[in-house]
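A.B. asks: Please find the sequence and the predicted model below.
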Amino acid sequence: MSEVQWNRLTAAELRALAAQDAVVLVPIGATEQHGPHLPTGVDDFLATEVCHRAATLAAEHTDVVVTPSIPTGLSEHHMPFGGTLTLSLPTLHALLRDLCRSVVRVGFSRILIANGHGGNMTALNALTTELTVELSTPIAFASYFGAGREVVRDTLESQSGLMHACEGETSMMMAAHPDLIRDEHLAEAHGPRITLPAESTEPLFMAVPFDRITRTGVAGDARVATAEKGERILAGCAAALADIIVRDPWAK
């Protein structure tokens, strides 16, 4: 079956996929400010794009289906800029529990939560453990930009990993959703470099509102973004995510 999107399939087709032990990808992103040049849905759009590409690649080896995305995550740190929607941690837990429980009740047993937002990472590590116990089903979690860390590093010229509304995210949006770029604001789309908190080596963590980090809402430099870089990152991250699926971590 060539269709991979859950909400474009019938109930009977989904039951058949469950009977064939298909993998279910659950994209989760965020709806939050992304500087003056990008829309608030960046993390949702990119997580969904990578998941659809990864599912198509992995489908050559195993059946895969992608649920509708969860477009809102943990974005409290972006609230000062406005335009941001955020969940509380208990709400995110409840939302993921109910969605994954629904997937399990259809008959699926291999679920991968595929994340596209740095602010979700630490919580999803913990919640994946909770969900595995609560649902008696092995739930896996991966951030697409973590899976594709090498291609991200090798493609970008001003940074080694994704930051926020940066060279990387802007390049991917140029490749996947060029109509949503506010080109007239690209010249002002730059800010300080940051390390995602979940990837930091600092011994201390404190919650810091993002407007104390960057005046523009951007971390990194979007001015050097190109669609060519974006396509390379999207393709590389999708291939890395597909490789995780094909390696079948649920069997271990």
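C.D. replies: Sure thing, it's come through. Predicted, not measured: the structure shown is a model, and the values here were computed from it.
A.B. asks: What residues are bridge-paired with residue 114?
C.D. replies: residue 27, residue 142 (DSSP bridges).
A.B. asks: And residue 31, by the same measure?
C.D. replies: When bridges are called by DSSP bridges, residue 31 pairs up with residue 85.
A.B. asks: How is the closest residue to residue 112 other than its chain neighbours assigned, secondary-structure-wise?
C.D. replies: Among residues not flanking residue 112 along the chain, residue 140 sits closest, at 4.6 Å (Cβ to Cβ, 6 or more residues apart in numbering). Every residue, glycine included, has its C-beta placed from N, CA and C. Under the three-state scheme (DSSP: H, G, I helix; E, B strand; the rest coil), residue 140 adopts strand.
A.B. asks: And for residue 126?
C.D. replies: Going by three-state DSSP: residue 126 is helix.
A.B. asks: Read off the pLDDT value for it.
C.D. replies: At residue 126, the model reports a pLDDT of 96.
A.B. asks: try the one 10 residues further on
C.D. replies: Predicted confidence (pLDDT) for residue 136: 96.
A.B. asks: number of nearby residues for the residue lying closest to residue 19 once chain neighbours are set aside?
C.D. replies: Counting by Cβ to Cβ, 6+ apart, residue 107 is the residue found nearest to residue 19 once chain neighbours are left out, at 6.4 Å. Counted with other Cβ atoms under 10 Å, residues neighbouring residue 107 total 15.
A.B. asks: where's residue 107 relative to residue 16, distance?
C.D. replies: 10 Å (Cβ to Cβ, to the nearest Å).
A.B. asks: same thing with residue 151?
C.D. replies: Look at residue 151 and residue 16: by Cβ to Cβ, they are 34 Å apart.
A.B. asks: who touches the residue nearest to residue 19 in this structure?
C.D. replies: By Cβ atoms under 8 Å, 6 or more residues apart in numbering, the contact set of residue 107 is 15, 18, 19.
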